[in-house]
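Engineer: give me a model of this one.
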Amino acid sequence: MNAARAPETAPRGRPLRVTVLAGGVGGARFLTGLREVAAAPPRPTDITAIVNTADDITMHGLRITPDLDSVMYTLSGVADTDRGWGRRDESDVVSSELAAFGEPSWFTLGDRDIAVHVLRTAARATGATASQVVERLCQRFTTGVRLLPMSDDDVETWVELDTGETVHFQEWWVRLRAQVPARAFHLRGIDACAPAPGVLDAITGADAVLLAPSNPVVSIGPVLAVPGVRAALAATRAPVVGVSPIIGGRPVHGMAHACLSALGVPTTASAVGGLYADVLDAWLVDAAADGGLDGTTVPGGHGRVVAAPLLMARDGAAAVAGAALDAALGAASTPSRAGQGAGHGAGQRPAGRPR
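Structural biologist: Numbers count the residues shown, from 1 in each chain. Now for the predicted structure:
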């Protein structure tokens, strides 16, 4: 489809409702492209992003939410796109002073960024939920997208290394650069957490659900692990379409290969699609590098593989988002989808969509 036009898959009289599971740089860029598509005629489109918070960490007494902040900064236009994290026009006076006191310096926080973390930590200490903090932050950082944390409960990813040591994901990712092989990932707090308010409704009430090309293990994986989320994806009448973060056997961004190897999963578009096989209606792979998969079935599932240009360099994010919506539109028009609409509760699985 033309990436400048949003598809019409919703009943007339209301905007198209699109929900995206996302995290990190890949998710942020994809959402930027989707917002561009949504801004074009013929239909208004409301976008909700359910963002990973399992890479959250407490440093220097401050609660930090790297994935969610990256998405928020990128969508609001204040992100440092050269570094790929934090805010542009930053200084690091506070971090330098902390280092001078002997505090850990491997996780640098910019001065502007610290203000956000101070606000978040203070608000949480006085009883505000993570969702309420995000809502307040977005009053200043205008994103054009409804941002929801995956949960209001604290969840953290810890990495079991081949050395036998267990470290926080951020230490493995930032300080160790994922160079020490990981044996396993542990989501502390995941079993006791609940979906944040609005998360399940955003899935079951959507016209299309998209899985952004984010890290499948430490960004999308934790969102899917929140109790009730995977069941909602399997039950929603909206088509569920994922976008591969792997092109030609290599991650588009970051070090997803180091995460996948810990699970014994090959770094291929096909293998990553298999991680989502139980919920996918369609799986987008890159036409140039992985086009031979076009028309096949996602391993272990029933979703169809669709080849499209997936590189998001320069202005490519809108084209990728457009291709994902196009695949959703195609899935929605299949006999098992046609005429079923969205907005039905969990458990009301459409006839013809296999488990």
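Engineer: how close does the closest residue to V252 other than its chain neighbours get to H257?
Structural biologist: Spatial nearest neighbour of V252, chain neighbours left out: P245 (5.5 Å); criterion: CB to CB, 6 or more residues apart in numbering. C-betas here are computed from N, CA, C, even on glycine. Using CB to CB, to the nearest Å, P245 is found at 10 Å from H257.
Engineer: shared neighbours of these two, anything?
Structural biologist: Listed contacts common to P245 and H257 are P251; contacts here mean CB atoms under 8 Å, 6 or more residues apart in numbering.
Engineer: neighbour count: the two, which is higher?
Structural biologist: Neighbour tally, P245 and H257, criterion other CB atoms under 10 Å: the higher count belongs to P245, 27 against 15.
Engineer: pretty sure that one sits against A256.
Structural biologist: Yes: taking contacts as CB atoms under 8 Å, P245 lies within contact range of A256: 6.0 Å.
Engineer: average pLDDT for the longest helix along the chain?
Structural biologist: For the chain, the longest helix by residue count, based on DSSP state H, is helix 316-332. For helix 316-332, mean pLDDT rounds to 89.
Engineer: one step back: shared neighbours of P245 and A256, anything?
Structural biologist: Counting by CB under 8 Å, 6+ apart, the shared contacts of P245 and A256 are 215-216.
Engineer: where along the stretch 151-300 of the chain do the helices fall?
Structural biologist: Here the stretch 151-300 of the chain has its helices, by DSSP state H, counting those that start in this stretch, at 169-170, 199-204, 221-225, 229-235, 256-263, 269-275, 287-290.
Engineer: dump the longest one to CSV, keeping only the CA atoms.
Structural biologist: Provided in CSV are the C-alpha atoms of helix 256-263 (Å, rounded to 0.1, in the frame of the first residue of the first chain):
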residue,chain,number,x,y,z
ALA,A,256,19.6,-9.3,19.6
HIS,A,257,21.8,-12.2,18.4
ALA,A,258,23.5,-12.4,21.8
CYS,A,259,20.0,-12.7,23.4
LEU,A,260,18.7,-15.3,20.9
SER,A,261,21.8,-17.5,21.3
ALA,A,262,21.1,-17.8,25.0
LEU,A,263,17.7,-19.3,24.2
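Engineer: now for that helix, which elements pack on it?
Structural biologist: Applying 3 or more CB pairs under 8 Å, 6 or more residues apart in numbering; DSSP states H and E, one finds that helix 256-263 contacts strand 182-188.
Engineer: restricting to C-alpha, output the strand it packs on in CSV.
Structural biologist: Only the C-alpha atoms of strand 182-188 are listed here, as CSV (Å, rounded to 0.1, in the frame of the first residue of the first chain):
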residue,chain,number,x,y,z
ALA,A,182,24.4,-15.4,28.6
ARG,A,183,23.0,-18.7,29.8
ALA,A,184,19.5,-17.5,30.6
PHE,A,185,17.2,-14.5,31.2
HIS,A,186,15.1,-14.2,34.3
LEU,A,187,12.2,-11.8,34.5
ARG,A,188,12.0,-11.0,38.2
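Engineer: and for that strand, what's in contact with it?
Structural biologist: Taking CB under 8 Å, 6+ apart as the criterion, the residues outside strand 182-188 that touch it are 54, 155-162, 166, 169, 172, 217-218, 221-222, 225, 258-259, 261-263.
Engineer: just the buried members of the residues you listed?
Structural biologist: Buried members of the contacts of strand 182-188, scored by 16 or more other CB atoms under 10 Å, are 54, 155-161, 169, 172, 217-218, 221-222, 225, 258-259, 262.
Engineer: pLDDT on stretch 57-66, on average?
Structural biologist: Computed over stretch 57-66, the average pLDDT equals 97.
Engineer: got the contact list for it?
Structural biologist: Against stretch 57-66 from outside (CB under 8 Å, 6+ apart): 24, 53, 55-56, 85, 98, 103-104, 107, 109, 114, 117-118, 120-121, 124, 130, 149, 156, 168-170.
Engineer: go again with 7 Å.
Structural biologist: 53, 55-56, 98, 103, 107, 117-118, 120-121, 124, 156, 168, 170 (CB atoms under 7 Å, 6 or more residues apart in numbering).
Engineer: how about JSON lines for these, with distance to D80 added?
Structural biologist: Listed next are the contacts of stretch 57-66 as JSON lines, based on distance: CB to CB, whole Å:
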{"residue": "T53", "distance to D80": "21"}
{"residue": "D55", "distance to D80": "18"}
{"residue": "D56", "distance to D80": "20"}
{"residue": "L98", "distance to D80": "20"}
{"residue": "E103", "distance to D80": "22"}
{"residue": "F107", "distance to D80": "15"}
{"residue": "H117", "distance to D80": "16"}
{"residue": "V118", "distance to D80": "19"}
{"residue": "R120", "distance to D80": "19"}
{"residue": "T121", "distance to D80": "22"}
{"residue": "R124", "distance to D80": "25"}
{"residue": "E156", "distance to D80": "25"}
{"residue": "H168", "distance to D80": "23"}
{"residue": "Q170", "distance to D80": "18"}
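Engineer: quick one, which of those residues are buried?
Structural biologist: Looks like the contacts of stretch 57-66 have 53, 55-56, 98, 107, 117, 120-121, 124, 156, 168, 170 buried, using 16+ other CB under 10 Å.
Engineer: tabulate those residues in TSV, adding columns for secondary structure.
Structural biologist: Formatted as TSV, the buried ones among the contacts of stretch 57-66 follow (DSSP: H, G, I helix; E, B strand; the rest coil):
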residue	secondary structure
T53	coil
D55	coil
D56	coil
L98	helix
F107	coil
H117	helix
R120	helix
T121	helix
R124	helix
E156	strand
H168	strand
Q170	helix
